[in-house]
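Visitor: coords please:
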Amino acid sequence: MSNGFVYKRGKSKYYWIQYYRNGRRYRESSKSTKKMVAEKLLARRMGDIAQGKVPGIHFDKITFKQLADDFIRDYQINEKKSLKRAKQSIKHLTKFFEDYKVPEITTPKIREYIGMRLEEGVSNGTINRELSALKRALNIGAEQTPPAVDRVPHIPMLKENNVRKGFFEHGEFEALYKVLPDYIKGISKFAYSYGWRFNEITGLTWSHVDREQGIVRLEVGETKNDDGRTIYLDEELKAVFDHQWEMIKKREIITPYVFPNKNGDGRIKDIRGSWYKACEVAGIGKRFFHDFRRTAVRNMVRAGISERVAMMVSGHKTRSIFDRYNITNNSDLKMASQKQAEYRKSLTATFSATVADFPTKKGLAKTG
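Guide: Numbering: from 1, shown residues only. Got it, this is the predicted structure:
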């Protein structure tokens, strides 16, 4: 072959091959003592080069760690809001794939990883997030020039049926609200009413608020889905914002946040300790702040607010996610049964009244 040949290297018992691509020399062991094996490998490499592909030896040198680093760098460059979750996924993937080269990341190995994580008691949803990170890392490698990945293997995803269904009945919220620390009460009432995410509420500054008009606005890029959002506060929430404004003025502490932390000098970061303690004192069991998001959606829909408007208020971009939160509980099912029974009774009553008013044959005969 004009651009490559097979040879023995020093005292090595294996045959080696040498070839060129774009003026660059490549040397590769066939890992075989048979010259025919080496010739076939050389033919395969030359065929790849003829098709404009990068020689396979290139991919043998790329490790999972390199792919993982490029994946995290992509998240950082694009300022993706889920960077923290992405790092957690990569951390778990690295424990298994750290020393793997690109050609070694195969579907059977990925299934092995899934099995390991299931044995550790990890939920299907969490494993799927990790598999999505793996797929994205491989795709980023495949999109590079020259590519770091020659092919992305099939990555099987697990069926998810672990959507939380927690939400607050109004009495439960009232019980919790009474025992919450003062600095958490405002964000809780806001979340209960409008279903905004924890970080969206705790990140609110007075520059987002028009107190005179009772408007709160997040600009494009400030939300999880990057869409802007505007809501009009009801009278109860206006009072909450007025109270926050007065409290900040009394403290004379300069802070831009509408709902500052316990010390009043910065943003609220973590409320879990105080939150879980309040849930226990209120006697409502373990709840999550995110349950407000489901509760607000359900309450808006049941209050007669159109689903489109409810999605705009809560910040749900896709219908599928919104549907997950518009949850039906046992009370809803019981109410539906009662309404059906009432409807059937009304039909029976209407039918009976119609029959009573309809003249019988005997009556018609007399009339005639």
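
Visitor: quick one: the helices in the stretch 51-200 of the chain?
Guide: 56-59, 64-77, 83-97, 107-119, 124-143, 170-179, 182-194, 198-202 (DSSP state H, counting those that start in this stretch).

Visitor: what comes up buried for the host helix or strand of residue 36?
Guide: Using DSSP states H and E, residue 36 sits within helix 35-50. For helix 35-50, the neighbour count (16 or more other C-beta atoms under 10 Å) marks 38-39, 41-42, 45-46, 48-49 as buried. All C-beta atoms are positioned from the backbone trio N, CA, C, and that covers glycine.

Visitor: also stretch 13-26?
Guide: Neighbour counts using 16+ other C-beta under 10 Å place 15-19, 21, 26 of stretch 13-26 among the buried residues.

Visitor: chain center to it, what's the gap?
Guide: Relative to its chain's centre, stretch 13-26 lies at 46 Å (C-alpha atoms, centre = their mean, to the nearest Å).

Visitor: picking that back up, narrow the buried residues of stretch 13-26 to those in strands?
Guide: Using DSSP state E, the members of those that fall in strands are 15-19, 21, 26.

Visitor: of the residues you listed, which one scores lowest on pLDDT?
Guide: For these, the weakest pLDDT value sits at residue 21, with 73.

Visitor: and that residue, how far from residue 50?
Guide: Using C-beta to C-beta, to the nearest Å, residue 21 is found at 10 Å from residue 50.

Visitor: quick one, what contacts the residue nearest to residue 90 when sequence neighbours are not counted?
Guide: Leaving aside its chain neighbours, residue 90 sits nearest to residue 68 (4.9 Å; criterion: C-beta to C-beta, 6 or more residues apart in numbering). Residue 68 is in contact with 90, 93-94, 137, counting by C-beta atoms under 8 Å, 6 or more residues apart in numbering.

Visitor: from residue 206, how far off is residue 68?
Guide: Using C-beta to C-beta, one gets 40 Å for the distance from residue 68 to residue 206.

Visitor: do the same with residue 41
Guide: 68 Å.

Visitor: right, and residue 109 touches residue 100 too?
Guide: Yes - in this structure, residue 109 is within contact of residue 100 by C-beta atoms under 8 Å, at 7.4 Å.

Visitor: who's more crowded, those two?
Guide: residue 100 (18 against 14; other C-beta atoms under 10 Å).

Visitor: test my guess that residue 136 contacts residue 70.
Guide: No - taking contacts as C-beta under 8 Å, residue 136 lies outside contact range of residue 70: 10.1 Å.
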